[in-house]
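# Show me how the following folds:
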Amino acid sequence: MKLIPLLILFEISLIMASDTDWRRKILVTNKETPEEGLKILREKCDLIFPESVPATRDEILKLIPGVDGILWVGHYALNGEVLDLGMPTLKSISTMSAVLSDAVADEAIGLMIAAGRRFHEGRLKIENSEWAGGPQWMLGQDIKAKTIGIIGLGQIGQTIAKRLKGFDVRRILYSGRKPKPEGDKLGAKFVPQTELLKGSDYVFLSVPLNNSTRHMINATTLREMKRTAVLINVARGEIVDQEALVAALKDGTIFAAGLDVMTPEPLPADSELLKLPNSVIVSHLGSATRRTRDDMAVLAALNVLAGIDGSPMFAPYPY
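All right, here's what the predicted structure looks like:
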């Protein structure tokens, strides 16, 4: 998907041109929010920032009363406490979390290759002077002609599926609440989660975290996977029971894992995950490209302004 469609660029001019006889007051919860988004807000709003970078939750909460909108940047809980403090003036909230499908899908494919081909373990062999070589040394998993499972075929899951077309995979399975027309267009087959886990060589997690997905991947579901399977998580850390995953990687229940997200974050330097040769760990960098972060800030700013004006948001929740 294009990050900033022409329609959005056209709508910016419409929002800027709307008549107003007062300056809105917008709380931006992080001073390091990309300027591309801030300059849109500055055209017609007064911006308030916490002093600290990153700000504490308490610092943010103290600034909420009296604002018209909030651009919520960060991973603090956005809940009823925030809404109560914003009453009666608060009209619009947007998180800086949309428009990241391409960047996250790119990283997911990178994790798939790195984990399946044992990149981290190979580097450890070099560092420990254990480079042996030979026809059976450090063999990894192929991608061509393999079955791919995607749990959660939202925007990110769909983009991962599109990326996989170039790898000549055998088939793509997906699971979720119900079949999607987008799945048919991608040539993907909707199956129950158990069938997906049992049949997939690579399993991608791209579902939101909620009560039904927390610890979706656990000791039981890990045992349903192939011993040659690779798990890739670019969603949220708590979707996986991390202790169960560590045990599965240690005893060979699954072949490897590639993780952009984990529990907790930041991950402690002494975490058991970091000691495993068959786990590839990335520090939550899925959306960490300059263009993606700029586009996220622009869309979040437009959402805030649209919400205040009573117009439809560009990316309302759920996406």
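# Would you map the strands across the stretch 51-200 of the chain?
Ranges of strands within the stretch 51-200 of the chain are 69-72, 92-95, 147-151, 171-175, 188-190, based on DSSP state E, counting those that start in this stretch.
# Those strands into JSON lines, with extra columns for distance to Leu47, mean neighbour count and mean pLDDT?
C-betas here are computed from N, CA, C, even on glycine. Output for the strands of the stretch 51-200 of the chain, formatted as JSON lines (distance: least, CB to CB, whole Å; neighbours: other CB atoms under 10 Å; pLDDT from 0 to 100):
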{"stretch": "strand 69-72", "distance to Leu47": "9", "mean neighbour count": "25", "mean pLDDT": "97"}
{"stretch": "strand 92-95", "distance to Leu47": "14", "mean neighbour count": "22", "mean pLDDT": "94"}
{"stretch": "strand 147-151", "distance to Leu47": "39", "mean neighbour count": "25", "mean pLDDT": "98"}
{"stretch": "strand 171-175", "distance to Leu47": "41", "mean neighbour count": "22", "mean pLDDT": "98"}
{"stretch": "strand 188-190", "distance to Leu47": "43", "mean neighbour count": "19", "mean pLDDT": "98"}
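# Ok, which of these comes nearest Val234?
strand 147-151 (10.7 Å; CB to CB).
# which other helices and strands contact that closest one?
Strand 147-151 is packed against helix 155-164, strand 171-175, helix 193-199, strand 202-205, with contacts defined by 3 or more CB pairs under 8 Å, 6 or more residues apart in numbering; DSSP states H and E.
# thinking again about what came up before, adding distance to Pro50 as columns, could you present the strands of the stretch 51-200 of the chain in TSV?
TSV is the format used below for these (distance: least, CB to CB, whole Å):
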stretch	distance to Pro50
strand 69-72	12
strand 92-95	16
strand 147-151	36
strand 171-175	40
strand 188-190	43
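# for these, which one sits closest to Val280?
Judging the strands of the stretch 51-200 of the chain by CB to CB, what sits closest to Val280 is strand 147-151, at 17.3 Å.
# mind listing what that closest one pairs with, with the direction of each?
strand 171-175 (parallel), strand 202-205 (parallel) (DSSP bridges).
# what does it contact?
Applying CB atoms under 8 Å, 6 or more residues apart in numbering, the contact partners of strand 147-151 are 157, 160-161, 164, 169-176, 188, 193, 196-197, 199-207, 216.
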